[in-house]
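S.K.: Just the structure for this:
(one chain, ligands or ions: 2)
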Amino acid sequence: MRAYSAAQVRRAEEPLLAAGAPLMQEAAGALARAVREEIRAGTPERGTSAAGSRPTAPVTRGRVAGARVCVLVGSGNNGGDGLFAAAFLAGRGVACDVVLVGTHPHAGGLAAARRAGVGIHLAGDDDGVSVAVRLALRSHVVVDAITGIGARGPLRGPAAGLVTALGDAVDAAPAPPVVVAVDVPSGIGVDDGAVPGPVLVADRTVTMGAAKPGLLLPPAAGAAGRVEVVELGLDALAAEPPDAVRLTGADVADLWPVPTADDHKYTRGVLGVVAGSGAYPGAAVLTTSGAVRCGVGMVRYLGSTPVTAAVQARHPEVVAGRGRVQAWVLGPGIDPADGARAEDVERTFEDALRAGVPMVLDAGALPLLPDGLPAHAVLTPHAGELARLLTDAGDDASRADVEGAPVAALRRAVEITGATVLLKGATTLVAGPGTPVYAQADATPWLATAGAGDVLAGVLGALLAGRSGDVVERPALAAELAAAAALVHGRAARAASAGGPIAALDVADAVPGTLRDLLTGEMMDG
Ligand SMILES: NC(=O)C1=CN([C@@H]2O[C@H](COP(=O)(O)OP(=O)(O)OC[C@H]3O[C@@H](n4cnc5c(N)ncnc54)[C@H](OP(=O)(O)O)[C@@H]3O)[C@@H](O)[C@H]2O)[C@@H](O)CC1
Ligand SMILES: [K+]
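M.R.: Numbers count the residues shown, from 1 in each chain. Ligands and ions are numbered 1, 2, ... in the order given. This next block holds a predicted model:
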């Protein structure tokens with residue numbers, strides 16, 4: 001999924017609008033279809049809501065006539081989409097109410113809604129907001145058409161009051177309405193994924209022409225629900241670089257190196273690993289497991305005799321000692337204050353720089369980094385480590401700062417280091433110099449477990465080793481490969497978990513099956 005900024009979408013719309021293309025009609029038609037799908041999917045029976053007893057009978061599965069929909073309408077074209085959709089729905093027998101949140105609604109849309117018999121209400125003051133909340137709570141679907149790509153800053157005025165009150169009421173309702181956002185959930189940072197004020201969390205977002213970055217990027221992405229793109233024929237976007245990207249399973253299948261009959265272990269990629277220590281021997285086992293399970297040509301491990309023995313006990317195919325490699329993983333399970341191990345990392349890092357091979361720099365390697373890294377070096381911090389990296393470079397950043405504005409922190413880290421940076425989280429973000437931000441939300445919350453990051457480092461290292469030559473030739477590829485590794489790691493975690501707890505090694509063990517499903521097209525997206 002490729003997401004484009006508000007400005008890019010506007011530029012792409014311009015020639016079509018100038019030529020008289022009925023974009024708003026198409027957008028509203030698609031929105032009305034989505035609302036009908038939500039109604040048909042079977043609205044659960046709603047008992048007594050916070051607003052009092054339901055005046056209408058619950059809708060029977062599959063029937064649209066008799067359902068209730070409440071559309072929250074702002075003063076721009078986003079509200080216009082909502083008004084025309086309300087008119088379409090009313091024409092199908094849906095009982096529609098429109099709540100006008102702004103003072104000057106789209107004139108054509110308002111006229112169409114009136115003609116179709118839609119009830120029109122105002123939410124200009126506290127009383128209006130209370131009425132609107134009652135209308136919304138007795139509805140099967142609430143449509144959020146307050147602001148779209150024309151929004152500036154946090155919601156203000158009656159829009160802010162309504163969204164706050166309705167959000168609280170929906171949270172408290174025993175059977176809340178389904179919320180469908182038009183283009184974006186109103187109030188999110190459309191381009192940066194910020195959540196600067198109140199936002200009504202959607203179950204589904206029907207977005208017009210192309211996805212917007214805020215639908216993929218945290219924290220706003222968490223308010224978007226399922227995202228559906230309505231094609232409006234914005235062909236000009238094909239020539240534009242997207243701002244944000246989410247890879248699909250099919251993308252990853254295209255990126256993953258698949259051996260041919262002519263390949264041998266050296267052409268398939270050799271990965272060198274400097275991970276684990278006397279204090280954290282498990283990190284060595286987990287990192288090498290992640291790599292071995294990806295089908296890398298060979299893994300070379302550098303560490304003490306007892307830790308090497310632990311690695312080889314699990315994976316006898318791992319070779320101890322230095323030799324030619326196509327990529328490195330440095331740092332998991334290494335305390336930068338452990339002089340001997342820190343020296344191993346620094347020395348190997350220098351060798352890797354000289355050899356020009358890609359590398360993954362994780363955990364203990366991060367504080368040891370010099371400035372001016374190549375883009376084919378991929379840093380893999382979590383939020384706390386990224387905050388420390390930024391602070392060490394002179395920016396004052398806390399973990400909470402990074403979590404509150406992760407994309408800005410990520411971009412800043414790329415700017416400071418020159419490297420590609422993968423920020424681990426529920427949504428993993430990746431960017432390199434000049435690349436879009438990749439946002440992968442493939443995992444399960446069960447993946448937040450000790451050692452999972454070591455496995456990811458191994459998976460990414462294996463992928464970089466397999467495509468080493470390509471990455472050196474085209475360093476921007478490192479970000480895409482890092483996003484691909486995050487997808488494989490996340491889906492392996494989901495497969496291993498199947499809804500229950502997992503240990504890090506389970507994730508590594510689920511990688512071959514995950515890759516098999518991806519490469520044979522058996523794993524569906526979503
Ligand atoms: N062009 C077309 O034909 C097509 C357009 N399409 C649709 O149009 C949408 C873009 O429409 P748009 O440009 O009119 O902007 P929009 O998002 O409705 O917002 C403007 C309104 O919001 C208000 N407002 C702003 N900030 C606010 C805040 N913080 N808090 C509260 N209010 C705030 C602002 O108020 P004002 O600043 O004027 O007081 C103004 O009234 C796009 O997202 C898509 O849905 C698609 O159907 C494709 C065809
Ligand atoms: K909206």
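
S.K.: Skipping adjacent residues, who's closest to the residue in the stretch 351-500 of the chain that ligand 2 sits nearest to in space?
M.R.: Closest contact between the stretch 351-500 of the chain and ligand 2, by Cβ to the ion, is at Ala439 (20.1 Å). For every residue, glycine as well, the C-beta is placed using N, CA and C. What sits nearest to Ala439 in space, not counting adjacent residues and going by Cβ to Cβ, 6 or more residues apart in numbering, is Leu216, at 4.3 Å.

S.K.: Give me the phi and psi for the residue nearest the centre of the chain.
M.R.: When Cα atoms, centre = their mean is applied to the chain, the residue found nearest the centroid is Ala439 (3.8 Å). Dihedral pair for Ala439: phi -130, psi 110, per degrees, to the nearest 10.

S.K.: quick revisit: please report the distance of the residue nearest to Ala439 from Ala244.
M.R.: 5 Å (Cβ to Cβ, to the nearest Å).

S.K.: and for these two, which residues touch both?
M.R.: Shared contacts of Leu216 and Ala244 (Cβ atoms under 8 Å, 6 or more residues apart in numbering): 3, 193, 439.

S.K.: Wait, a helix at the second one?
M.R.: Read it as Gly193. No: secondary structure assignment (DSSP: H, G, I helix; E, B strand; the rest coil) places Gly193 in coil, not in a helix.

S.K.: From ligand 1, how far out is it?
M.R.: Distance of Gly193 to ligand 1, given as Cβ to the nearest ligand atom, to the nearest Å: 16 Å.

S.K.: how about the nearest residue to that residue once chain neighbours are set aside, what does it touch?
M.R.: With sequence-adjacent residues excluded and distances taken as Cβ to Cβ, 6+ apart, Gly193 is closest to Leu217, at 2.8 Å. Taking Cβ under 8 Å, 6+ apart as the criterion, Leu217 is in contact with 192-193, 244, 406-407, 427, 429, 437, 439.

S.K.: Do you know the pLDDT at Leu217?
M.R.: Leu217 is assigned a pLDDT of 96 by the prediction.

S.K.: surely Asp81 meets Thr147?
M.R.: No: when contacts are counted by Cβ atoms under 8 Å, Asp81 is not listed as touching Thr147 (11.3 Å).

S.K.: So between those two, which is more surrounded?
M.R.: A count of neighbours by other Cβ atoms under 10 Å puts Asp81 above the other of Asp81 and Thr147, at 32 against 26.

S.K.: which stretch of helix or strand covers that one?
M.R.: helix 77-91 (DSSP states H and E).

S.K.: hang on, Leu232 packs against Met208?
M.R.: Yes: counting by Cβ under 8 Å, Leu232 touches Met208, with 6.0 Å between them.

S.K.: Can you check which residues contact both of the two?
M.R.: Common neighbours of Leu232 and Met208 (Cβ under 8 Å, 6+ apart) are 23, 27.

S.K.: Tell me which of those two has more neighbours.
M.R.: Ranked by neighbour count (other Cβ under 10 Å), Leu232 and Met208 place Met208 first, with 28 against 21.

S.K.: Show me what the lengthiest helix in the chain is packed up against.
M.R.: In the chain, taking DSSP state H as the definition, the longest helix is helix 477-497. Here helix 477-497 touches helix 249-255, strand 377-379, strand 420-423, strand 428-431, strand 437-440, helix 452-466, helix 468-473, helix 504-519, going by 3 or more Cβ pairs under 8 Å, 6 or more residues apart in numbering; DSSP states H and E.

S.K.: Is Thr267 in contact with Val296, as I believe?
M.R.: No: the criterion here is Cβ under 8 Å, and Thr267 misses it with Val296 at 11.7 Å.

S.K.: between those two, who's got more neighbours?
M.R.: Per other Cβ under 10 Å, whichever of Thr267 and Val296 has more neighbours is Val296, with 26 against 15.

S.K.: coming back round to it: go through the contacts of Leu217 and give me the one with the most neighbours.
M.R.: Neighbour counts for the contacts of Leu217, by other Cβ under 10 Å, peak at Gly193, which reaches 30 neighbours.

S.K.: got the domain boundaries for the protein?
M.R.: 2-245, 249-519 (automatic domain parsing).

S.K.: hey, least reliable of those domains by pLDDT?
M.R.: domain 2-245 has the lowest average pLDDT among those, namely a mean of 91.

S.K.: How many neighbouring residues does Pro177 have?
M.R.: Neighbours around Pro177, by other Cβ under 10 Å: 25.

S.K.: again, but for Ala19
M.R.: Neighbours of Ala19 (other Cβ under 10 Å): 7.

S.K.: list the contacts for it?
M.R.: Contacts of Ala19 (Cβ under 8 Å, 6+ apart): none.

S.K.: Against ligand 2, how distant is it?
M.R.: Shown here: Ala19 relative to ligand 2, a distance of 26 Å by Cβ to the ion, to the nearest Å.

S.K.: Wait, a helix at Ala27?
M.R.: Yes: assessed with three-state DSSP, Ala27 lies in a helix.

S.K.: Give the full set of residues in contact with it.
M.R.: With Cβ under 8 Å, 6+ apart, Ala27 has these contacts: 81, 182, 208, 230, 232.

S.K.: Not counting its neighbours along the chain, what's nearest the last one?
M.R.: This points to Leu232. In space, Leu232 is closest to Gly209, 4.2 Å off (Cβ to Cβ, 6+ apart).

S.K.: Can you report how many residues neighbour the one you found?
M.R.: By other Cβ under 10 Å, 24 other residues sit near Gly209.

S.K.: Is it correct that it is in contact with Gln8?
M.R.: No: using Cβ under 8 Å as the test, Gly209 is too far from Gln8 to be in contact (9.8 Å).

S.K.: Give me the common contacts of these two.
M.R.: Shared contacts of Gly209 and Gln8, defined by Cβ under 8 Å, 6+ apart, comprise Leu237.

S.K.: and this protein, which of its residues are near ligand 2?
M.R.: Taking Cβ under 5 Å from the ion, the part of the chain that reaches ligand 2 is made up of 144, 181-182, 186.

S.K.: Turn these into a markdown table, including secondary structure and distance to Tyr280.
M.R.: As requested, those are exported to a markdown table (DSSP: H, G, I helix; E, B strand; the rest coil; distance: Cβ to Cβ, whole Å):
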| residue | secondary structure | distance to Tyr280 |
| --- | --- | --- |
| Asp144 | strand | 47 |
| Ala181 | strand | 44 |
| Val182 | strand | 50 |
| Ser186 | coil | 47 |
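
S.K.: Out of the residues you listed, flag the one nearest to ligand 1.
M.R.: Val182 (5.4 Å; Cβ to the nearest ligand atom).

S.K.: and that closest one, how many neighbours does it have?
M.R.: Val182: 32 surrounding residues under other Cβ under 10 Å.

S.K.: For it, which non-adjacent residue is closest in space?
M.R.: Per Cβ to Cβ, 6+ apart, closest to Val182 is Ala145, 4.2 Å.

S.K.: my guess is the one you found meets Phe84, correct?
M.R.: No: between Ala145 and Phe84 there is no contact under Cβ under 8 Å: 9.8 Å.

S.K.: Give me the buried positions along stretch 375-386.
M.R.: Buried residues in stretch 375-386, counted by 16 or more other Cβ atoms under 10 Å: 375-383, 385-386.

S.K.: Using PDB, write out every CA atom in that stretch.
M.R.: The C-alpha coordinates for stretch 375-386 follow below in PDB (Å, rounded to 0.1, in the frame of the first residue of the first chain):
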ATOM      1  CA  ALA A 375      22.700   3.700   4.100                       C
ATOM      2  CA  HIS A 376      23.500   0.000   3.800                       C
ATOM      3  CA  ALA A 377      24.100  -0.100   7.600                       C
ATOM      4  CA  VAL A 378      20.700  -0.800   9.200                       C
ATOM      5  CA  LEU A 379      20.200   0.300  12.800                       C
ATOM      6  CA  THR A 380      17.500  -1.600  14.700                       C
ATOM      7  CA  PRO A 381      16.700   0.300  17.900                       C
ATOM      8  CA  HIS A 382      13.500   0.100  20.000                       C
ATOM      9  CA  ALA A 383      12.100   3.400  21.200                       C
ATOM     10  CA  GLY A 384      14.300   3.700  24.300                       C
ATOM     11  CA  GLU A 385      17.500   3.000  22.300                       C
ATOM     12  CA  LEU A 386      16.500   5.500  19.700                       C
END
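
S.K.: That'll do, ta.
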